[in-house]
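# How does the following fold in three dimensions:
(one chain, ligands or ions: 2)
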Amino acid sequence: MRPVCVGDYEALAREKMEASHWEYFQGGSGEEQTLRANRAAFERVFFRPRVLVDVARCDMSTQLLGTPVSLPVGIAPMAYHCLAHPEGEVATARAAGAVGALTVVSTFSSRKLEDVAQGAQGPLWLQVYCFRRREVTEALIRRAEAAGYKALVLTVDTPRLGRRERDVRNGFSLPAHVRAENFGEELVAALHARQPGASAVATHARETIDPSLTWESLAWLRSITRLPLVLKGVMTGEDAARAASLGIEGLIVSNHGGRQLDGVLPALDALPEVVRAVAGRCEVLMDGGVRRGTDVLKALALGARAVLVGRPVLWGLAAAGPEGVGHVLSLLRDELELAMALAGRPSLDQIDSSLVHAP
Ligand SMILES: Cc1cc2nc3c(=O)[nH]c(=O)nc-3n(C[C@H](O)[C@H](O)[C@H](O)COP(=O)(O)O)c2cc1C
Ligand SMILES: CC(C)CC(=O)C(=O)O
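Numbers count the residues shown, from 1 in each chain. Ligands and ions are numbered 1, 2, ... in the order given. Sure thing, here's the model as predicted:
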């Protein structure tokens with residue numbers, strides 16, 4: 001039977017994938033406390049629906065940093081989609097574009113960022129890791145600008161990779177046919193070096209990503225690009241207020257899908273304090289554990305302008321290629337539309353904190 005909800009894709013994807021690749025996708029860091037908590041947080045929030053509202057038409061379209069999208073659900077940046085499907089990020093972005101959804105492409109995409117842009121009909125942002133070698137980051141940003149990417153998403157929760165014990169146990173490394181295609185051989189060779197008892201992606205991140213990045217570094221980023229900047233991985237009101245005061249255009253409340261600091265608060269629980277701290281000065285998105293249209297509605301009610309979805313996109317891609325990604329996004333879109341109707345909130349501007357009873 002065709003999957004009826006996003007969760008149905010999980011088992012289908014698992015059957016198709018090599019076990020250690022699957023574990024890289026699924027895993028979190030440490031005890032995976034935060035990974036579980038991201039999901040559990042949605043179960044603690046309940047709706048307060050209004051009735052006798054005309055919901056004959058529900059409008060989900062909005063703008064994200066000025067870019068029109070047809071739904072407030074986009075694709076989170078994730079490395080190495082080619083582990084799921086040979087067309088990788090090209091297939092993902094094409095499918096997202098077909099439903100009018102935003103795709104955030106990872107620095108570590110397994111298809112060149114230009115090839116992703118060429119196949120995509122929808123809006124693209126580029127996620128950036130800041131490398132120790134700044135010229136590598138700068139070159140990446142120049143290419144993104146030339147290829148028409150609309151914003152940069154700087155990931156700030158990853159001075160090093162969290163310890164993902166599944167990857168350590170598996171001695172995870174990239175197979176020869178999956179490459180970090182945005183970079184030359186010397187920069188990515190370590191990703192393919194298999195070491196028992198170590199994760200090659202963690203070793204590589206330690207060698208390449210700059211752990212000394214600070215708030216002061218943002219001025220450098222600003223100086224080399226005119227694209228709007230989004231910080232991904234902000235989890236406190238303090239950091240959110242600082243970002244807003246620096247004129248950062250967007251924030252993504254995220255704990256990296258439970259893959260970085262284990263024990264950190266669920267992203268949904270951190271959302272209200274971030275929204276309060278920025279007080280409308282920047283656009284706030286969230287990711288982590290979104291699996292249902294009702295999850296999207298809860299995040300919007302708690303102040304997110306949109307959500308990003310991670311692993312379910314890879315499940316769709318592994319199980320059924322671009323059609324699978326398109327189906328995952330349309331399931332979320334249709335569930336959100338139904339939830340808006342049943343909640344008596346036919347447009348996004350009618351969704352606010354009065355819609356939820358949060359603990
Ligand atoms: C396999 C995988 C690879 C990821 N790669 C990146 C990445 O390259 N850059 C980044 O900022 N976040 C990365 N993330 C984190 C996601 O952007 C996102 O924060 C997280 O997956 C959202 O949680 P969810 O999977 O529960 O929806 C990755 C997540 C996964 C599962
Ligand atoms: C290659 C990694 C740095 C990508 C990542 O952020 C992740 O696996 O969570």
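# which ones are touching the residue of the stretch 251-359 of the chain found nearest ligand 2?
At 4.5 Å from ligand 2, Arg259 is the closest residue in the stretch 251-359 of the chain, using CB to the nearest ligand atom. The C-beta positions use only the backbone N, C-alpha and C, and glycine is treated the same way. Going by CB atoms under 8 Å, 6 or more residues apart in numbering, Arg259 touches Gly27, Gly28, Ser29, Leu35, Leu161, Gly162, Arg164.
# Swap in 7 Å and give it another go.
Gly28, Ser29, Gly162, Arg164 (CB atoms under 7 Å, 6 or more residues apart in numbering).
# and the two most separated of the residues you listed?
Pairwise distances across the contacts of Arg259 peak at 7.7 Å for Gly28 and Gly162 (criterion: CB to CB).
# list residues touching both of the two?
With CB under 7 Å, 6+ apart, Gly28 and Gly162 have common neighbours Arg259, Asp262.
# Quick check: Val284 touching Ala277?
No: taking contacts as CB atoms under 7 Å, Val284 lies outside contact range of Ala277: 9.5 Å.
# who's more crowded, these two?
Using other CB atoms under 10 Å as the criterion, Val284 and Ala277 rank with Val284 on top: 25 against 21.
# Assign a three-state SS to that one, would you?
strand (DSSP: H, G, I helix; E, B strand; the rest coil).
# what bridges to it?
Leu251 (DSSP bridges).
# residue contacts, it?
Neighbours of Val284 in contact, by CB under 7 Å, 6+ apart: Leu251, Val253, Val274, Val275, Val278, Gly303, Ala304, Arg305.
# With adjacent residues omitted, what lies nearest to the second one?
By that I understand Val253. Met286 (4.2 Å; CB to CB, 6 or more residues apart in numbering).
# Pretty sure that neighbour sits against Ala304.
Yes: using CB under 7 Å, Met286 is in contact with Ala304, at 4.6 Å.
# Give me the common contacts of these two.
What both Met286 and Ala304 touch, as defined by CB under 7 Å, 6+ apart, is the set Leu271.
# all helices of the stretch 201-350 of the chain, in order?
217-224, 237-245, 267-278, 293-301, 311-343 (DSSP state H, counting those that start in this stretch).
# Show the backbone phi and psi for the residue nearest to the spatial centre of the chain.
The centroid of the chain falls nearest to Ala76 when counting by CA atoms, centre = their mean (2.0 Å). Phi and psi for Ala76, reported as degrees, to the nearest 10, are phi -70, psi 150.
# How about the contacts made by it?
Val104, Asp287, Leu308, Val309, Gly310.
# What is the burial count for Ser20?
Look at Ser20: counted by other CB under 10 Å, it has 16 neighbours.
# what about the helix or strand containing it and ligand 2, touching?
Element membership of Ser20 [criterion: DSSP states H and E] is helix 19-26. No: between helix 19-26 and ligand 2, judged by CB under 6 Å from any ligand atom, nothing touches; the nearest distance is 7.0 Å.
# before we move on, what about stretch 102-121?
Yes: for stretch 102-121, a contact with ligand 2 is found by CB under 6 Å from any ligand atom, at Phe108.
# what's the span of that stretch from first residue to last?
10 Å (CA to CA, to the nearest Å).
# about what we covered before: dump the helices of the stretch 201-350 of the chain to CSV, plus mean pLDDT and distance to ligand 1.
Shown next, in CSV, are these (pLDDT from 0 to 100; distance: least, CB to the nearest ligand atom, whole Å):
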stretch, mean pLDDT, distance to ligand 1
helix 217-224, 96, 15
helix 237-245, 98, 16
helix 267-278, 98, 8
helix 293-301, 98, 10
helix 311-343, 98, 4
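# okay, those in JSON lines with distance to ligand 2 next?
Below are the helices of the stretch 201-350 of the chain laid out as JSON lines (distance: least, CB to the nearest ligand atom, whole Å):
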{"stretch": "helix 217-224", "distance to ligand 2": "18"}
{"stretch": "helix 237-245", "distance to ligand 2": "19"}
{"stretch": "helix 267-278", "distance to ligand 2": "14"}
{"stretch": "helix 293-301", "distance to ligand 2": "20"}
{"stretch": "helix 311-343", "distance to ligand 2": "11"}
